[in-house]
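Undergrad: Attaching a predicted model along with its sequence, questions to come.
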Amino acid sequence: MGRLAAFIVMLIPGLMAAGGIKFMRDTLFGKLISPFPFLWLQFVVGIIFFIIGFGFFAGFLLHRDRKNGKVAPRFQKK
């Protein structure tokens, strides 16, 4: 049950980051998606989604590796 919960917790930010990449890609190709009135707004939302999703994923992995003692000394908590 714990692994399923961890998978779901990691799936949501992963999908969010993938959606951010899609928004940025569509902006570069000039395709406007319906909820956004401007291409620049679509690109900004894509960057925000990507940063939040990727940051959560990276933070989760860093927390897990710190807990298991698998990080370099410079990344360990002081």
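TA: Received the coordinates, thanks.

Undergrad: Counting by contacts, list what the longest helix along the chain packs against.
TA: What stands out as the longest helix in the chain, according to DSSP state H, is helix 39-68. Applying 3 or more Cβ pairs under 8 Å, 6 or more residues apart in numbering; DSSP states H and E, one finds that helix 39-68 contacts helix 2-28. Where C-beta positions appear, they are placed from N, C-alpha and C, glycine not excepted.

Undergrad: now the angle between helix 39-68 and the helix it packs on, please.
TA: Helix 2-28 and helix 39-68 are oriented at 150 degrees to each other (axes from the mean of the first three to the mean of the last three Cα atoms, to 10 degrees).

Undergrad: average pLDDT for the longest helix of the chain?
TA: Taken as a whole, helix 39-68 carries a mean pLDDT of 95.

Undergrad: What are the buried residues along it?
TA: 42-43, 45-46, 49-50, 53-54, 56-57 (16 or more other Cβ atoms under 10 Å).

Undergrad: and that helix, how far out from the chain's middle?
TA: Centroid separation between helix 39-68 and its chain, computed with Cα atoms, centre = their mean, to the nearest Å, is 3 Å.

Undergrad: farthest pair in the buried residues of helix 39-68?
TA: Greatest spatial distance in those: 42 and 57, 22.4 Å, computed using Cβ to Cβ.

Undergrad: contacting residues around residue 40?
TA: residue 27 (Cβ atoms under 8 Å, 6 or more residues apart in numbering).

Undergrad: separation between it and residue 32?
TA: To residue 32, residue 40 is 11 Å away according to Cβ to Cβ, to the nearest Å.

Undergrad: again with residue 51
TA: From residue 51 to residue 32 the distance is 22 Å (Cβ to Cβ).

Undergrad: With residue 60 instead?
TA: For residue 60 relative to residue 32 (Cβ to Cβ), the value is 33 Å.

Undergrad: center of this protein - which residue?
TA: residue 53 (1.7 Å; Cα atoms, centre = their mean).
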